[in-house]
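In: Take this sequence and fold it.
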Amino acid sequence: MPNMPHFGVRKKLEEKSNTVSFRKYAQLCDDISPPCVCAKQSIANVVMSLVNPGDEVIIPAPYWVTYEEIVKMAEGIPVIIETSIENDFKITPEELEAAISEKTRMMIYSSPCNPTGTVYSKEELKSIADVIANHAKVIVISDEIYEHINFVGHHTSLAEFSNVYDQVVTINGVSKAFAMTGWRLGYIGAPVWIANACTKIQGQFTSGASSISQRAAIAAVSADPSVTHEMREAFRSRRELVLTELNKIHGVKTNVPEGAFYVFPDISFFFGKSDGEFTINNADDLSLYILNKVNVALVTGAAFGAPKCLRISYAASEQELKKALQRIEKALSLLS
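Out: I've put the predicted structure just below:
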């Protein structure tokens with residue numbers, strides 16, 4: 001990539017893109033952009049490259065907070081498809097088709113998903129691919145940063161389906177599965193024309209990730225994915241702990257997330273309730289109430305486009321999780 005130092009990591013990614021395994025779970029790409037400071041910046045590069053003022057971008061909710069704001073920065077129009085915990089926060093092909101208009105330029109989604117842990121199956125992604133294939137100008141950003149933290153065994157990428165091969169940009173990085181969040185390195189796999197456009201955007205901001213981060217990332221992208229399995233199983237155990245404890249609390253509605261390290265319960269049962277001093281009107285109020293009452297910090301679902309929910313991360317020790325969940329139960333028991 002001209003004028004973009006990549007210190008070996010881009011070469012390693014290109015080598016892996018020519019292997020069957022990499023094609024299955026990641027890019028199926030024509031080209032790879034220079035390493036970005038993070039996956040978030042990779043998404044921004046794609047949006048800034050493709051979205052013009054007035055273009056519509058479909059975003060299934062709940063979504064990672066950055067998606068909607070990046071679209072607004074590009075003067076695009078976010079088109080939100082609402083989902084619910086009853087269908088595991090997934091959209092249907094019918095809902096996607098109904099959301100597409102003449103102004104639709106892009107769709108952004110993640111699987112596994114932050115904040116819900118939702119993982120689309122191969123069959124579900126195939127049905128989405130069949131819809132997208134009928135709209136040639138629509139580009140899909142498939143955010144797969146939690147690829148290796150899934151509990152269904154095999155990761156499926158939308159880019160696997162040949163009928164949308166030229167319409168998919170995959171996002172990935174080393175932050176999640178390899179616990180390298182602070183190293184700040186992400187990348188895309190995309191058709192050449194999109195990768196080239198992202199290179200121009202990237203060159204006007206940070207140029208690229210640091211050489212130290214890129215050297216460290218070579219070890220991650222060169223590793224056998226099995227090195228992540230021990231961590232994945234630890235997360236699976238913590239997920240079961242969190243769900244078991246939450247399901248003991250009357251009024252908390254859960255589903256079983258199949259990836260990432262979050263549980264996203266519906267807590268709307270508590271809206272309108274009070275401890276005698278503070279009334280809960282929404283998820284923001286409930287998260288603030290729990291923080292003030294028992295010193296447990298949660299993230300309101302409103303930030304993710306799901307105002308009936310809270311996000312609970314189980315990227316903590318089982319001992320810490322047990323203590324936090326006991327405190328949450330205590331705080332909620334005081335509401336009536």
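
In: mind listing the helices for the chain?
Out: Applying DSSP state H to the chain gives helices spanning 9-17, 20-25, 39-50, 65-73, 93-99, 122-132, 192-203, 211-222, 229-246, 283-294, 318-333.

In: Can you tell me which of those helices is most buried?
Out: Among the helices of the chain, the stretch with the highest mean neighbour count (mean count of other Cβ atoms under 10 Å) is helix 39-50, at a mean of 24. Yep, even glycine has a C-beta here, placed from its N, CA and C like the rest.

In: average pLDDT across that helix?
Out: Helix 39-50 carries an average pLDDT of 92.

In: Determine how far it lies from the middle of the whole chain.
Out: The chain centroid and the centroid of helix 39-50 are separated by 14 Å under Cα atoms, centre = their mean, to the nearest Å.

In: Next: stretch 273-292.
Out: 28 Å.

In: ok, and what's touching that stretch?
Out: Stretch 273-292 has contacts (Cβ atoms under 8 Å, 6 or more residues apart in numbering) with 267-268, 270-272, 293, 296-302, 307-310, 327-328, 331-332, 334-336.

In: gap between the two ends of that stretch?
Out: One end of stretch 273-292 to the other measures 16 Å (Cα to Cα, to the nearest Å).

In: what is the rounded mean pLDDT of that stretch?
Out: 97.

In: okay, now the domains of the chain?
Out: Residue ranges for the domains of the chain, per automatic domain parsing: 9-223, 228-329.

In: Distance from the shortest one to the middle of the chain?
Out: A distance of 18 Å separates the C-alpha centroid of domain 228-329 from that of its chain, computed with Cα atoms, centre = their mean.

In: and the end-to-end length of that domain?
Out: Termini of domain 228-329 sit 32 Å apart (Cα to Cα).

In: try stretch 146-157
Out: With Cα to Cα as the measure, stretch 146-157 spans 12 Å from end to end.

In: In that stretch, which of the residues would be classed as buried?
Out: Within stretch 146-157, the residues that qualify as buried are Y146, E147, H148, I149, N150, F151, H155, T156, S157, counting by 16 or more other Cβ atoms under 10 Å.

In: So what touches it?
Out: Counting by Cβ under 8 Å, 6+ apart, 24-28, 110-114, 119-122, 125, 142, 144, 168, 170, 172, 176-177, 225, 228, 231-232, 235-236, 239, 258-261 sit against stretch 146-157.

In: so where is this protein shaky, pLDDT-wise?
Out: In the predicted model, the chain carries pLDDT under 70 at residues 1-38.

In: count of neighbours near S268?
Out: By other Cβ atoms under 10 Å, the residues close to S268 number 18.

In: Count the neighbours of the residue lying closest to G259 once chain neighbours are set aside for me.
Out: Using Cβ to Cβ, 6 or more residues apart in numbering and skipping residues adjacent in sequence, the residue nearest G259 is P112, 2.7 Å away. Counted with other Cβ under 10 Å, the neighbours of P112 add up to 27.

In: give the contact list for P112.
Out: T118, V119, Y146, E147, I149, N150, P257, E258, G259, A260.

In: Need the phi and psi values for the last one.
Out: Reported as degrees, to the nearest 10, the phi and psi values for A260 are phi 60, psi -160.

In: for the first one, same thing?
Out: The phi and psi torsions at T118 (degrees, to the nearest 10) take the values phi -60, psi 140.

In: now it: how far from A306?
Out: 12 Å (Cβ to Cβ, to the nearest Å).

In: So for those two, which residues contact both of them?
Out: F89.

In: before we move on, back to that, could you pick out the buried ones from the contacts of stretch 273-292?
Out: Neighbour-count burial (16+ other Cβ under 10 Å) applied to those gives 267-268, 270, 293, 296, 298-302, 307-310, 328, 331-332, 335.

In: Looking at these, which are in strands?
Out: When those are checked against strands (DSSP state E), the matches are V299, T300, L310.

In: Looks like the first one contacts R311 (just checking).
Out: Yes - if you go by Cβ atoms under 8 Å, V299 and R311 touch, sitting 4.3 Å apart.

In: Touching both of those two, which residues are there?
Out: Shared contacts of V299 and R311, defined by Cβ under 8 Å, 6+ apart, comprise P115.

In: what's the burial count for T181?
Out: By other Cβ under 10 Å, the residues close to T181 number 12.

In: Not counting sequence-adjacent ones, nearest residue to I201?
Out: N45 (4.7 Å).

In: go on, E75?
Out: Leaving out its chain neighbours, E75 is closest to P53 (Cβ to Cβ, 6+ apart), at 3.8 Å.

In: mind checking how far the one you found is from A136?
Out: Counting by Cβ to Cβ, the gap from P53 to A136 is 21 Å.

In: what do you get for A74?
Out: Using Cβ to Cβ, we find A74 at a distance of 21 Å from A136.

In: How about M107?
Out: On the measure of Cβ to Cβ, M107 and A136 end up 13 Å apart.

In: between those two, who's got more neighbours?
Out: Comparing M107 with A136 by other Cβ under 10 Å, the one with more neighbours is M107, at 28 against 10.

In: Now for the more buried one: which residues touch it?
Out: Here M107 is in contact with V57, I58, I59, L96, I132, V138, I139, V140, I141 (Cβ under 8 Å, 6+ apart).
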